[in-house]
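Enquirer: Have a look; sequence and predicted model below, questions after that.
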Amino acid sequence: MPDESYTTEEIARLLKISKLTVYDLIKKGALPAYRVGKQMRVDASDLEAYKRRAKEREAGGGAASSRSGDKTIAKRGPTAAANAGRDRSAARRGAGLTADSAASEDSGLEAVRPTAGAPARPVVLTGQDPGMDLLAAHLSRAGFRALRSHKGSLDSLIDLYQGASDVVSTHLWDGDTDTYNLPYIRKLLVGAPLLAVNLLVRPAGLYVAQGNPLGLTGWSDLGRPALRIVNRERGAGARVLLDEQLRLHGLAAAGIAGYDRCVNSHMEVAAAVASGEADAGVGMAKAAELVSGIDFVPLIQERYDLVVLRTKANERLLEELLGVLGQPAFRKELGAITGCDVSRTGTVWLET
């Protein structure tokens, strides 16, 4: 069927390989793909073409083996792709991950290539701040094959719990303790040996129209009649921050216009306010600098932390991660890219 297409998850199931391998094939150009919304799609015709090429390579390799008298590889797997998938799955199992623990369909998984000749252990870094891209680049230079997954804070911690990510970022505020991240980490990763370390600190607050015509100055202003907001998706740190503030201020989400209108990034929230589609939205200061026609009302300093499981497989990863975070050059670059406070970068908040 010429119009039929598959998700990466369906491709992985059809070829009996991991999604990590599917993403790797797409990244290398071996399997043509395109994005529809947040999903990567592969046309059936392109999948069949890839399978034909794999079979041709398999047949050519088998013939060469017979001619050379090499009997050790006379019997091979169903396709070269399946063998590659098993190899990469084994590598991920060695890293404490399952065969299907690549990022989910919505993650936008992207690879950062390691230094040539270095051991290429795959490491998935999950989070949405640009600082995570910089961290991925530095870890790739240390010999890791850094893969980026873009998800909200709560989903990132769940990925870590499920073995789908190696390094995750989080900025989840707890209203009862007025602290960031640690209450959620302790609840979601109960009993797990882990390290929570700071990446950066940044201001969070409200995006408002330029000049702040409505005079919004605090969380309680969100309860004004007829005020329209735009919200973040479930699991995002900004969404959790809003929900906690509404709870503490006795404001019902159902009574706030636009609460159910959700977008997936700070930039989208800022753009909605700039276009006049909403009067306010929660986000970080950096997006307000990039989107014209809005102002930013800072309301809280949020801690953006990293969490890694302390396992035998992660010993070198932890060593390299802490080494990178401790480098003055990295901190300087991180501060320049994000515009955030990096004075506490590398500070360990929790070690279990």
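Expert: Thanks, I have it.

Enquirer: Can you list the residue ranges for strands in the stretch 51-200 of the chain?
Expert: With DSSP state E, counting those that start in this stretch, the ranges of strands along the stretch 51-200 of the chain come out as 110-112, 121-126, 144-149, 167-170, 173-174, 179-180, 194-209.

Enquirer: Looking at the ones you listed, which is nearest to Asp155?
Expert: Nearest to Asp155, of all the strands of the stretch 51-200 of the chain, is strand 121-126, at 8.0 Å by C-beta to C-beta. C-betas here are computed from N, CA, C, even on glycine.

Enquirer: name the helices or strands packed onto that closest one?
Expert: helix 80-94, helix 130-141, strand 144-149, helix 153-162, strand 167-170 (3 or more C-beta pairs under 8 Å, 6 or more residues apart in numbering; DSSP states H and E).

Enquirer: Mean pLDDT lowest where, among these?
Expert: Lowest mean pLDDT of the helices and strands packed on strand 121-126: helix 80-94, a mean of 38.

Enquirer: residues of stretch 317-336 that come out buried?
Expert: 317-318, 320-321, 324-325, 330-331, 333-335 (16 or more other C-beta atoms under 10 Å).

Enquirer: Please disregard the earlier target; I meant stretch 42-62.
Expert: Under 16+ other C-beta under 10 Å, the buried positions of stretch 42-62 are 42-43, 46-47, 50, 54, 58.

Enquirer: and Leu299, how many residues sit next to it?
Expert: Leu299 has 17 neighbouring residues, counting by other C-beta atoms under 10 Å.

Enquirer: elements contacting whatever helix or strand it lives in?
Expert: Using DSSP states H and E, Leu299 sits in strand 294-309. In terms of contacts (3+ C-beta pairs under 8 Å, 6+ apart), strand 294-309 is packed against helix 153-162, strand 167-170, strand 179-180, strand 194-209, helix 237-248, helix 266-274, helix 285-290, helix 315-325.

Enquirer: got the buried residues for it?
Expert: 294, 296-297, 299-300, 302-309.

Enquirer: That strand vs helix 266-274, what angle?
Expert: Calculated by axes from the mean of the first three to the mean of the last three C-alpha atoms, to 10 degrees, strand 294-309 forms an angle of 160 degrees with helix 266-274.

Enquirer: Now do strand 294-309 and helix 130-141, the angle between them.
Expert: 40 degrees.

Enquirer: Listing partners with orientation, what would you give for strand 294-309?
Expert: strand 167-170 (antiparallel), strand 194-209 (antiparallel) (DSSP bridges).

Enquirer: now that strand, how far from the chain's geometric center?
Expert: Its chain's C-alpha centre and that of strand 294-309 lie 16 Å apart, by C-alpha atoms, centre = their mean, to the nearest Å.

Enquirer: try stretch 184-200
Expert: On C-alpha atoms, centre = their mean, the centre of stretch 184-200 falls 17 Å from that of its chain.

Enquirer: Now do the contacts for the closest residue in space to Leu200 that isn't next to it in sequence.
Expert: What sits nearest to Leu200 in space, not counting adjacent residues and going by C-beta to C-beta, 6 or more residues apart in numbering, is Cys340, at 4.2 Å. Counting by C-beta atoms under 8 Å, 6 or more residues apart in numbering, Cys340 makes contact with 131, 200-202, 286, 304, 334.

Enquirer: got it, and Met284?
Expert: Under the contact definition (C-beta under 8 Å, 6+ apart), the residues listed for Met284 are 202-204, 238, 266, 302.

Enquirer: cool, Asn181 as well?
Expert: Here Asn181 is in contact with 170-172, 196, 303, 305, 307, 349 (C-beta under 8 Å, 6+ apart).

Enquirer: hmm, 10 Å instead?
Expert: Contact analysis of Asn181 by C-beta atoms under 10 Å, 6 or more residues apart in numbering lists 153, 157, 169-174, 196, 198, 237, 302-307, 349-350.
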